[in-house]
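>>> Give me the fold of what follows.
(2 chains)
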Amino acid sequence: MRAVWLGLTSLVALLPPAAAQLSARLDVSLGSRYVWHGLSRAAGTIVQPSLAAGLRLGRLSLEGGAARHYELDAVASGELSESGAGNGHLGEDDVWGRAALDLGAARLHAGVVRYLFHGDSTRGGLGRGWNTTELYGAVSTTGSYLNSSLEVWSDVDRLHGTFLRYSASAPILAWPFPPFVFAFVDGDVGLNLGQGPDPSQPGRVANFAGRGITHAGVGAALELRAGRTPGVGWTTIAVGLRSQVNLDDATRVNGVGRKKDLNCWLWMGVTVLLGGEARGLR
Amino acid sequence: MSRCRGVLCGVAAALASCGPMRLDMPAVLSPLPRPAAGAVLQAGFARVDITPPAGVGLAGEGPEGGAARGYRLRLYARVLVLADGGGNRLAIVVADLPLGSAVLHRRVAALTARTDGIGVDRLVIAVTHTHAGPGHYFDAGAYNDLASSVFGYDPLMLDSLTARIARAVHAAVADLRAARVAWGSRAVWGYTRIRSLPAMLHDIPTPAAPPHAPNLLLPEYRVVDPELAMLRVDLLDSATRKYRPAGAFSIFAMHATGNAPANDLLDSDIPGIVERRLERHIDRDLNHRVDTAFVPRALYLFANGTEGDVSPAWPPQSRCAVPVLAVLPALDGPFTRSLWQWRPPTPTHVAACQHAAREAVVRIGEALGDSAGALFDALGSSLTDRMELARAFVTLSLRDSAGVLGVCPTPAVGMAALAGAADSHSRMQGWRLFGAFPIGLDEGSPNPDAPGCHAQKRELLDGVFGEWLNKVAVAGTLPSFAQVSVLQLGDRLVGTLPGEVTTTAGRRMRDEMLAAARARGARVSAALIMGLTNGYLEYITTPEEYTAQYYEGGSTLYGPGEAAMFGRVLAGLAAGVSSGDTLPSSRAPRIVGELGHKRDIVPRSPAIRAPDGAIQAWCSGDTLYARFDLGAVRDWPVSSGDVAARARVEVADDATGAMVSWDDDPQLELRVRARHRGVASWELRWSGATRARYRIRIPGRPASSAVGCSPAQP
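Here you go, the predicted structure:
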């Protein structure tokens, strides 16, 4: 790990900023009970390390990365979890790649994600039977007051169905002196258009119980630009609170019979961004 | 238990060391003057280099002020000491610094009182208000921590400035010689303008341009105070026994904000050009000295007047765009969130506006310098060797005596101040919650419903927190005292204030001083205001301007009564100036300042390798480039401040060997490129090349190879 870290840092530091920009990003986030997209979920504390790298050529960026999901808490029977009842452990690996095109205030993305689950399906977790691949496309707009994104996710492996998600975040205020602090609110809403059960394939696992709006969530967060190394990159620490109303029966939380639709959780994360635009930012 | 206590003590000590630093600031008043035999009037000049090393914050632009990467025109403190036959001495220092500092003033006076009989009451330290000067030496935490994006108070900066300025005062005393002086003034139009005209138009009666104001000028140019006041000083030359022009002291109202806010170099801005222009005029044209090159012997102290609402006439294209809040779409993959950032303007834009600003600095500086030269020449026929010297001094405790003084007991910063002034609006300007709801981050957005002493002022996020946030988080970091003095220099009264006085407020103060002095029978012909002296209290506006809550009103800390209070204090001092005495200690009580967070900002590390002696040089168009090592970052440009003995980087014409530029030239920039094992690698850019060959010379090492330049024909 240390060698990887040193290698990445050296590579980023040596690259000329004006040329094609190579960048890397390391995230470690810590959260509590949540469910996302009908796929990823945790019954208790979860830690999610992820690594990404990208190459920017003018307006075009080619990016890829991987993420892991570790459930840290013991899971009770019937809880919405990846690892299943018992002690928590590695629940999921994700590998992704995408291309992004910068169009000024708008940005287009197209990519693919491979989900690999490591839970015990006999204990209510997500096992290999949940593994799948999704293609996704997104258009996002950026501005000083609103950053929004419309995403289309299409399962091309297990479900052959589509999921839509719209998300937006808006800053409330930002501290202009280093270390910069950004306070913002965000929200999202999901719509399942075909990732539910298929009556013609009764044994197939589905992400959702039915069509329609799957959830609506809002949150607030603080982001602190904690450290900066000129010419290399910077580190950000973020902490946030999020609440989500899960409208789909398959994503309700809290144990046997899972009837609770409102879910609130805290999260915090550390992001290290190296190279690319982060090199020159104050 | 003891281990637990030890841990707790350690934690407490660590927390205390992270907290703001408080400093006790005693004052030393001047001793009783000892009458001197000899000349009726004496004067002495001195200059000291106060350019700090790269890495310090460029104070004055708030969040837009970055860390200095090098320097252009060096920063100096210039000193004029005047002495009469009665032993009365007055020392005036004009330093190329952004803001005044009471702790700097008191520390210098503690040294000069002992050696030269010049205590706090006979010492005025004024600053030119260059926004390309260093911070970290102020007497209030708000300015050490927030005057630039490099936060903190650095005792090394304070100690360095104290030692250098005190040494310069001492040198000026040592230079005291028989002198002849003359006061005069002239109007200079077209190079300054009122930057907050809507606020000024609230004044009653409405300010009107004087009859002699040029009709062609726009209104904001016609209602400025155009007076360039000058005290010309000629000194007796010991060799020829003749009086020769030696220098001058001026007061002129203008913000030293010619540089673009995105500037990354230490620089003395427009005042630096003005000062050098007159100094070279005196040396070359009047004294016919041709050996001084870029090191003038004459000295010109160009102090600021009522510049609170006065900008230099910079063109709009010289103001760079500020960073904007935006999402940074960097590797925000499907499982990680987007990050927020302050997105900076493009390098191309910044380069263009900095270039426009540099051109404006030189153009305005040279024009003002020429006006100063003409005035200096005109005063040659009215020189006299008689000038009455007197002074009055007081330290006001603004919070403790708020009721008596007529100001608010708790200082407050208005939201308009966070938006920044027209010279450099900050990135906060115009921000609205969710893009729709204004929260007061605009100039000219008073709150007519605000109750209390600070009525009309929108305090920090008062829509959410009321007065609470200001009281808890802000007020304690602001200054709580003001050092005010009045000098009588011949038939002129000079009121000195630790703040930025607006044009109308200054005009009222001058009238009050003059009336008070005449009422006691003094023979005075005019009164002047010298701002930004002996401390810093932000802005001083009239009550009417305060009501408008432009940047200046938002930055008037102690409420709408401040200008009237200072007017009364100045009038009282003007009526009580004295000489040949010592003032009671009650005039300069001990004060305590909260200096903010102590940090090592000035580079301290020594070099742990020998600098490379090679100088690489090349030319591109009209710009000559060179790269070289100059020892440790902490040791350059000067470690001692000794102007005469210091090392320098020169550009020399290869054919004649003549020096054509050096590192104190508006066309020459020096930046630290990199630091390796304590040694700084510098890059020189000189944009004055013509079709010729040049060498870079650094005393003590071989010159660079000759480099040919062939700029395109215009």
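
>>> After the lowest-mean-pLDDT helix or strand in chain B, which helix or strand is next? Please name it.
Lowest mean confidence among the helices and strands of chain B (mean pLDDT, DSSP states H and E): helix B:2-18, at a mean of 53. Once the chain leaves helix B:2-18, the next helix or strand it forms, by DSSP states H and E, is strand B:21-25.

>>> Point out the other helices and strands that the following helix or strand past that next one packs with.
As assigned by DSSP H and E, the chain's next helix or strand after strand B:21-25 is strand B:41-49. Packing partners of strand B:41-49 (3 or more Cβ pairs under 8 Å, 6 or more residues apart in numbering or on different chains; DSSP states H and E): strand B:76-84, helix B:155-174, strand B:177-187, strand B:227-237, strand B:242-252, strand B:299-304. (Each C-beta comes from the backbone N, C-alpha and C, glycine too.)

>>> For the following helix or strand past the last one, which outside residues touch it?
In this case it means strand B:299-304. The helix or strand immediately downstream of strand B:299-304 is strand B:310-312, counting by DSSP H and E. With contact meaning Cβ atoms under 8 Å, 6 or more residues apart in numbering or on different chains, strand B:310-312 is reached by B:191-195, B:224-225, B:253-258, B:270, B:360, B:364, B:421-423, B:503.

>>> can you tell me which of those are in helices?
Under the assignment DSSP state H, the contacts of strand B:310-312 contribute B:Ile270, B:Ala360, B:Ile364, B:Thr503 to helices.

>>> Enumerate every residue touching the second one.
So the one you mean is B:Ala360. Counting by Cβ under 8 Å, 6+ apart, B:Ala360 makes contact with B:Gly258, B:Pro312, B:Ala313, B:Trp314, B:Pro315, B:Ser318.

>>> Report the strands that pair with the longest strand anywhere in chain A, each with its relative direction.
Counting residues, the longest strand found in chain A (DSSP state E) is strand A:212-229. Paired neighbours of strand A:212-229 in the sheet (DSSP bridges): strand A:181-192 (antiparallel), strand A:233-246 (antiparallel).

>>> The ones you listed into TSV, with extra columns for mean neighbour count, distance to B:His288 and mean pLDDT?
Below are the strands paired with strand A:212-229 laid out as TSV (neighbours: other Cβ atoms under 10 Å in any protein chain shown; distance: least, Cβ to Cβ, whole Å; pLDDT from 0 to 100):
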stretch	mean neighbour count	distance to B:His288	mean pLDDT
strand A:181-192	20	60	96
strand A:233-246	20	58	94
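
>>> Which strand or helix spans the residue of the stretch 1-150 of chain A found nearest chain B?
Proximity of the stretch 1-150 of chain A to chain B (Cβ to the nearest Cβ) peaks at A:Tyr145, 3.5 Å away. Under the criterion DSSP H and E, no helix or strand holds A:Tyr145.

>>> do you know how far it is from B:Pro344?
Between A:Tyr145 and B:Pro344 the computed distance is 19 Å (Cβ to Cβ, to the nearest Å).

>>> neighbour count winner among the two?
B:Pro344 (19 against 14; other Cβ atoms under 10 Å in any protein chain shown).

>>> Can you name the residues of the stretch 51-200 of chain A that neighbour chain B?
Proximity of the stretch 51-200 of chain A to chain B (Cβ under 8 Å from any Cβ of the partner chain) is limited to residues A:52-54, A:63, A:65, A:67, A:94, A:96, A:98, A:100, A:102, A:107, A:111, A:113, A:136, A:140, A:142-147, A:169-174, A:176-178, A:180, A:182, A:184.

>>> so how many other residues sit close to B:Ile591?
For B:Ile591, the neighbour count with other Cβ under 10 Å is 22.

>>> That one and B:Arg399: what is the separation?
Taken as Cβ to Cβ, the span from B:Ile591 to B:Arg399 is 11 Å.

>>> which residues do these two both contact?
By Cβ under 8 Å, 6+ apart, the residues touching both B:Ile591 and B:Arg399 are B:Ser480.

>>> Around chain A, pick out the residues from the stretch 51-200 of chain B.
Residues of the stretch 51-200 of chain B lying near chain A (Cβ under 8 Å from any Cβ): B:Gly62, B:Pro63, B:Gly66, B:Leu146, B:Ser149, B:Phe151.

>>> swap the cut-off to 6 Å and go again
Residues of the stretch 51-200 of chain B lying close to chain A (Cβ under 6 Å from any Cβ of the partner chain) are B:Pro63, B:Ser149.

>>> Could you find the closest non-adjacent residue to whichever residue of the stretch 51-200 of chain B sits closest to chain A?
The minimum distance from the stretch 51-200 of chain B to chain A, using Cβ to the nearest Cβ, falls at B:Pro63 (3.7 Å). Nearest residue to B:Pro63, sequence neighbours excluded (Cβ to Cβ, 6 or more residues apart in numbering or on different chains): A:Pro176, at 3.7 Å.
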